[in-house]
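Asker: Can you look at this prediction? I've put the sequence above it.
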2 protein chains.
Amino acid sequence: MSRDELQSLLDDVNADHAEARVVRVLSERGAVSANEIARATGLARSTISQALAELRGADVIVEAASADLARGVGRPAASFALNPRAGTCLGLHLSLDEIKLIAADVSHSVIFEKNVALGRDYAPAEAVEAARVALRESCREAGVAWSSVIGVGLSFSGPVAPDGRVQRASIIPTWAGVNLGEAFGPALERPIFADNESNCSAIAEMTWGAAIGVEDFVLFKIDIGVGGAIVANGRVLTGIAGAGGEFGHMTLDPQGELCRCGNRGCLELTASLNPAISVASRLAGRPLGVDEFIERAAAGDVGCRRLLADTAERAGRGLGMIGAILNPGLILIGGRAALAGEALLRPLIASYERHTLIKREETPPAQRVRIEIAKYPRNHALLGAVALVLRRHGRLS
Amino acid sequence: MSRDELQSLLDDVNADHAEARVVRVLSERGAVSANEIARATGLARSTISQALAELRGADVIVEAASADLARGVGRPAASFALNPRAGTCLGLHLSLDEIKLIAADVSHSVIFEKNVALGRDYAPAEAVEAARVALRESCREAGVAWSSVIGVGLSFSGPVAPDGRVQRASIIPTWAGVNLGEAFGPALERPIFADNESNCSAIAEMTWGAAIGVEDFVLFKIDIGVGGAIVANGRVLTGIAGAGGEFGHMTLDPQGELCRCGNRGCLELTASLNPAISVASRLAGRPLGVDEFIERAAAGDVGCRRLLADTAERAGRGLGMIGAILNPGLILIGGRAALAGEALLRPLIASYERHTLIKREETPPAQRVRIEIAKYPRNHALLGAVALVLRRHGRLS
């Protein structure tokens, strides 16, 4: 079994034969039972058995009764997974002042994670070179041959157009207009997949987190920005220009403050953590970081708790509108605000209820929205970067 | 070939074999070429040829080189369609003070249309009986045997839950809480399909209108209410409680006027045609109807034109938020306001541009949203009712 065989099965996304469909399901979901494969593909059990036998014969898949659930990322014991030796997926998250790296094999086990510090407003060329050096080095240390890498996923803090161009409203202004495929492709010499960090977070939750097997949900992120992602029929709604799920830039007040996106009165201006942290820092007499503010609120500091609740109230107003538009069955709350748990969730849900169309009390349980904390509110963008490759989402080259 | 054979092929929506998939494509799209079938199903051309031969042998399909494009509803000459004699689909639109009826055969040709007047706030039982009598009678007159009816689609002016229950925010208050399947099923004795009128409108545009072959778009309706529908990956996003696409009930101003839905400051209160018509009626010294107001605006009456432009400006603000959330590639404008054409579209697009995240001027043409008038802004809900059956959407019984 060669990487090329697996790659060709994965790459032919329109292939309709049973082997290709089974491989795609395993790549997306990790270790899965024959029952789950039947549900996901609609194929007959006999067809699936035959395909599994052929794929095992070719060493493309392995039985995975005790899948390697390294680092707590993975799924409970199940039956089949892609052969870990068949390929490696790399992920990069480009954040405000650092690059985060991750590698996972095609059976969904994490091989390594690493952070590389860069200055704020780092130049694209600098990031590309730093990523190339760090990925090559980490792969060498982990015994991963570069030729076994079936793709590199990029998670970016801003909307990414389908052709790989970074749109406005990125939180790293130096990247606006840069084409990610053209920037990283030549340096990494592997297929590049890219999407914005919230879409990556949603994909991470679908692959490893709180949305496994969920075909329709919304991810709503509250951090130093507000963002999110919409998943419909099992696919992330990227939008025609890659800007689907930009919840933070809903115009709540056309005469409001100017936003970094160039519009006025965006949801993000009032519903991100920034206004709360700014007041908390003034009261503390020194700048508080996000983590410290959240810890204080979660620990019961009455001032921080009220500031967080006010943030949740404003965010819930925007989320209520999203509810009127999408009427989702599941809303996962991500971003570091979610680390406060119930202290965020209670006022957020109350505000959602007040501002949305379909009210909980008059809806049968099966038709109610569930609003829950995501499984990886802090670092799912990085897990999502590697899941882009596993799910063949956002391929650029 | 019997109706039962076709019905069983249509009903088995998870059936994976080629015949079932070809039948589903023909039912959804009317007359289509073998090329289109290949694109829609991903099946190999040889598999499709074999399936078409078997289906022709069983009289389930016919060659449709000159499809019957009755009443201008249909598609240009193409190759295959379901055999018109294989079944009939009925549709009902329940509107403010009347029921509209339609019948089409499974090749998508309209057989009859009829309106039945009822008083305002008519009772559900009255509507069910009127529908039963009128449908039976019209079928008899048109020579359609009741046993050939493969389903009845219901288009309703309000959100419909997946179990068939009418939600709040219906424009016919007497229907809130009524289960449409339980109300109509026993009287009509055929499978019932139901959804709200805007979702039906979107399905009509996909089947006969401006969204044929479009997998992702938004329908935005401006009439005496504001509503809409979201189509993602070729399917209407109904939402967990059937309330997806309720654009009119986005809370723009939490301290605003009370809305009939029980919330405050909903988009519908300012962006429907009602406020404009109310002012125009006062100036005219008598009540103006929707059609008369639109005619005056389209004909260049400066007052009505400004009132319509102001409506469009407010609607565009909401639509801009929908753009930030969904970043759709196509937005179709429906409802009777759309009959004003450019007089509505110009100020609507200007307002959308001002309030949405991704701006036209900085986006390559392939990534720009197109905002256009729907093909059936006035009566697509009725066409959509029958298309519910053709597309097997919203089945209740």
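Answerer: It's in. Residues are numbered from 1 along each chain as shown, chains lettered A, B, ... in the order given.
Asker: my guess is A:F220 contacts A:G320, does it?
Answerer: No. Counting by Cβ atoms under 8 Å, A:F220 does not reach A:G320; the two are 11.2 Å apart. Quick note: C-beta positions are derived from backbone N, CA and C, even for glycine.
Asker: residues near the nearest residue to A:E268 once chain neighbours are set aside, how many?
Answerer: Nearest-residue entry for A:E268: A:G248, 3.4 Å, with adjacent residues in sequence omitted and distances by Cβ to Cβ, 6 or more residues apart in numbering or on different chains. Burial measure for A:G248: 27 neighbouring residues, criterion other Cβ atoms under 10 Å in any protein chain shown.
Asker: A:F220 and A:G320: who's more crowded?
Answerer: For A:F220 versus A:G320, neighbours defined as other Cβ under 10 Å are more numerous around A:F220 (31 against 22).
Asker: List the beta-bridge partners for the more buried one.
Answerer: With DSSP bridges as the criterion, A:F220 is bridged to A:G228, A:I333.
Asker: For it, list the residues it contacts.
Answerer: By Cβ atoms under 8 Å, 6 or more residues apart in numbering or on different chains, the contact list for A:F220 reads A:V226, A:G228, A:F247, A:A315, A:L319, A:I322, A:I331, A:L332, A:I333, A:G334.
Asker: Contacts only, for whichever residue of the stretch 101-250 of chain A sits closest to chain B.
Answerer: Nearest to chain B, among the residues of the stretch 101-250 of chain A, is A:G239, at 2.6 Å (Cβ to the nearest Cβ). Listed by Cβ under 8 Å, 6+ apart, the contact set of A:G239 reads A:G245, B:L326, B:N327, B:P328, B:G329, B:I358.
Asker: There's contact between the second one and A:G244 in this structure, I believe.
Answerer: It refers to B:L326. Yes. Counting by Cβ under 8 Å, B:L326 touches A:G244, with 5.8 Å between them.
Asker: Quickly list what's touching both of the two.
Answerer: Common contact partners of B:L326 and A:G244 (Cβ under 8 Å, 6+ apart): A:I230, A:L237.
Asker: for the contacts of A:F220, which one is nearest A:C89?
Answerer: A:G334 (21.7 Å; Cβ to Cβ).
Asker: Count the neighbours of the closest one for me.
Answerer: Residues lying near A:G334 (other Cβ under 10 Å) number 31.
Asker: what separates it from A:I373, distance-wise?
Answerer: Going from A:G334 to A:I373 by Cβ to Cβ, to the nearest Å gives 8 Å.
Asker: hang on, the earlier thing: helix, strand or coil: sort out the residue of the stretch 101-250 of chain A closest to chain B for me.
Answerer: The three-state assignment at A:G239 reads coil, by DSSP: H, G, I helix; E, B strand; the rest coil.
Asker: Show the pLDDT at it.
Answerer: Here, the pLDDT recorded for A:G239 equals 96.
Asker: cool, and the one 5 residues further on?
Answerer: Looking at A:G244, its pLDDT is 95.
Asker: Sketch out the low-pLDDT regions of the stretch 251-397 of chain A for me.
Answerer: Residues of the stretch 251-397 of chain A meeting the criterion pLDDT under 70: none.
Asker: so what's the residue of it found nearest chain B up against?
Answerer: Nearest residue of the stretch 251-397 of chain A to chain B, counting by Cβ to the nearest Cβ: A:N327, 2.6 Å away. By Cβ under 8 Å, 6+ apart, the residues touching A:N327 are A:L357, A:I358, A:V369, B:T238, B:G239, B:I240, B:A241, B:G242, B:A243, B:G244, B:E246.
Asker: A:G318 now?
Answerer: With contact set as Cβ under 8 Å, 6+ apart, A:G318 has these partners: A:V226, A:F247, A:M250, A:L252, A:L267, A:A271.
Asker: Take the residues you listed and keep only those in helices.
Answerer: The members of the contacts of A:G318 that map onto helices under DSSP state H are A:L267, A:A271.
Asker: Okay, domains of chain A per the record?
Answerer: According to automatic domain parsing, chain A comprises the domains A:3-85, A:87-203+A:380-390, A:212-373.
Asker: Would you convert those domains into CSV that also reports distance to B:G158?
Answerer: Shown next, in CSV, are those (distance: least, Cβ to Cβ, whole Å):
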stretch, distance to B:G158
domain A:3-85, 33
domain A:87-203+A:380-390, 31
domain A:212-373, 11
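Asker: of those, which approaches B:L10 most closely?
Answerer: Nearest of the domains of chain A (Cβ to Cβ): domain A:3-85, 16.1 Å.
Asker: If we check chain B, which of the contacts of A:G318 are in contact?
Answerer: A:F247, A:M250 (Cβ under 8 Å from any Cβ of the partner chain).
Asker: got CSV for the contacts of A:G318, with distance to A:A338 and neighbour count too?
Answerer: Formatted as CSV, these follow (distance: Cβ to Cβ, whole Å; neighbours: other Cβ atoms under 10 Å in any protein chain shown):
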residue, distance to A:A338, neighbour count
A:V226, 12, 30
A:F247, 14, 30
A:M250, 20, 29
A:L252, 21, 22
A:L267, 17, 26
A:A271, 13, 30
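Asker: residue contacts, A:A20?
Answerer: Here A:A20 is in contact with A:L9, A:D12 (Cβ under 8 Å, 6+ apart).
Asker: Tell me how far it lies from chain B.
Answerer: 11 Å (Cβ to the nearest Cβ, to the nearest Å).
Asker: For that residue, identify the helix or strand it belongs to.
Answerer: Assessed by DSSP states H and E, A:A20 sits inside helix A:18-29.
Asker: Kindly export that helix (C-alpha atoms) in CSV.
Answerer: C-alpha atoms of helix A:18-29 as CSV (Å, rounded to 0.1, in the frame of the first residue of the first chain):
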residue,chain,number,x,y,z
ALA,A,18,-17.8,1.8,-2.8
GLU,A,19,-14.1,1.8,-2.0
ALA,A,20,-13.7,5.5,-2.6
ARG,A,21,-16.9,6.3,-0.5
VAL,A,22,-15.7,4.1,2.4
VAL,A,23,-12.3,5.7,2.4
ARG,A,24,-13.8,9.2,2.4
VAL,A,25,-16.0,8.3,5.4
LEU,A,26,-13.0,6.9,7.3
SER,A,27,-10.9,9.9,6.5
GLU,A,28,-13.6,12.2,7.8
ARG,A,29,-14.6,10.3,10.9
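Asker: Could I get the average pLDDT for the next helix or strand after that helix?
Answerer: The C-terminal neighbour of helix A:18-29 among helices and strands, as given by DSSP H and E, is helix A:34-41. Helix A:34-41 carries an average pLDDT of 85.
Asker: Can the helix or strand just after helix A:34-41 be said to contact chain B?
Answerer: Moving toward the C-terminus from helix A:34-41, the next helix or strand (DSSP H and E) is helix A:45-57. No. Using Cβ under 8 Å from any Cβ, helix A:45-57 stays clear of chain B, with a minimum separation of 8.7 Å.
Asker: Off-centre distance for helix A:45-57?
Answerer: Using Cα atoms, centre = their mean, to the nearest Å, the mean C-alpha position of helix A:45-57 is found 31 Å from that of the whole chain.
Asker: Return the member of the contacts of A:G318 nearest to A:I61.
Answerer: Of all the contacts of A:G318, A:I61 sits closest to A:F247, with 38.6 Å by Cβ to Cβ.
Asker: wait, what's in contact with that closest one?
Answerer: Residues near A:F247 by Cβ under 8 Å, 6+ apart: A:F220, A:V226, A:G227, A:G228, A:L267, A:G318, A:L319, A:I322, B:A324, B:I325.
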